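> Give the three-dimensional model of this entry:
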Amino acid sequence: MAHPAEKRTQLRGLYVFQRLPMEAACAKLGVARSTANRWKQEAAAQGDDWDTVRSAVALGDDTFKSLSAKLLEDYLVQHQATMDLLRDAKDMGPRERAETLASMSDSFNKTMASFKRLNPELDKQAVQLDVLQRFASFAQQRYPQHLSVLVEMLEPFGQELAKVR
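Numbers count the residues shown, from 1 in each chain. Predicted coordinates for the structure are as follows:
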């Protein structure tokens, strides 16, 4: 059965902008899934990738941004709590502290990288973190006797970096 052109537009709108699953959008409009898949493929061949636009819409959605910000905030609170524990741990030697710090830096770097698409400011922070991580690795390899001092300085320095806009 041939569908009018506006059905394709409506389907695209339900899928891309209202972010309904394709099955639900098809059911709502009475369009076969195979037809929807064909329309989607034809649009992609003409440069209109519905999935890419759908992702861009999701990234621009305030609800998504709020959720992402909350998730990032929760991660940062946990990261800070762990840094506090690391700073206060009396039974850790400098090498173990440095290894823990390097592991935390790696985790932090990966988390920030996953969020940087949401906010260009996060990309800047990811670069800052990368520099800190490289510096910590350098110090661990060449100056292990200074690691405890480095760990003590990194937290307040990170707070200074956070102020940079």
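
> Show residues contacting stretch 87-95.
Residues outside stretch 87-95 that contact it (CB atoms under 8 Å, 6 or more residues apart in numbering): 86, 97, 100, 140, 144, 145, 147, 148, 151, 152, 155. (Glycine included, C-beta is placed from N, CA and C.)

> switch the cut-off to 10 Å
Stretch 87-95 is contacted from outside by 85-86, 96-100, 140, 144-152, 154-155, using CB atoms under 10 Å, 6 or more residues apart in numbering.

> what comes up buried for that stretch?
Neighbour-count burial for stretch 87-95, counted by 16 or more other CB atoms under 10 Å, picks out 92, 94.

> Please shift the residue numbers so they start at 169 in all later answers.
Got it, first residue is 169 now, which makes that one stretch 255-263.

> Now do it: distance to the chain's middle.
31 Å (CA atoms, centre = their mean, to the nearest Å).

> tell me the contacts of the nearest residue to residue 188 once chain neighbours are set aside?
What sits nearest to residue 188 in space, not counting adjacent residues and going by CB to CB, 6 or more residues apart in numbering, is residue 182, at 4.8 Å. The neighbours of residue 182, taking CB under 10 Å, 6+ apart as the test, are 188, 189, 190, 192, 193, 194, 196, 197, 199, 204.

> can you list those in CSV and add distance to residue 277, neighbour count and secondary structure?
Formatted as CSV, those follow (distance: CB to CB, whole Å; neighbours: other CB atoms under 10 Å; DSSP: H, G, I helix; E, B strand; the rest coil):
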residue, distance to residue 277, neighbour count, secondary structure
188, 35, 16, coil
189, 33, 10, coil
190, 35, 17, helix
192, 38, 13, helix
193, 38, 21, helix
194, 41, 20, helix
196, 42, 13, helix
197, 44, 17, helix
199, 44, 20, coil
204, 40, 23, helix
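
> ok, then the element right after the longest helix that the chain contains?
The longest helix of the chain (DSSP state H) is helix 230-256. Using DSSP states H and E, the next helix or strand after helix 230-256 towards the C-terminus is helix 262-283.
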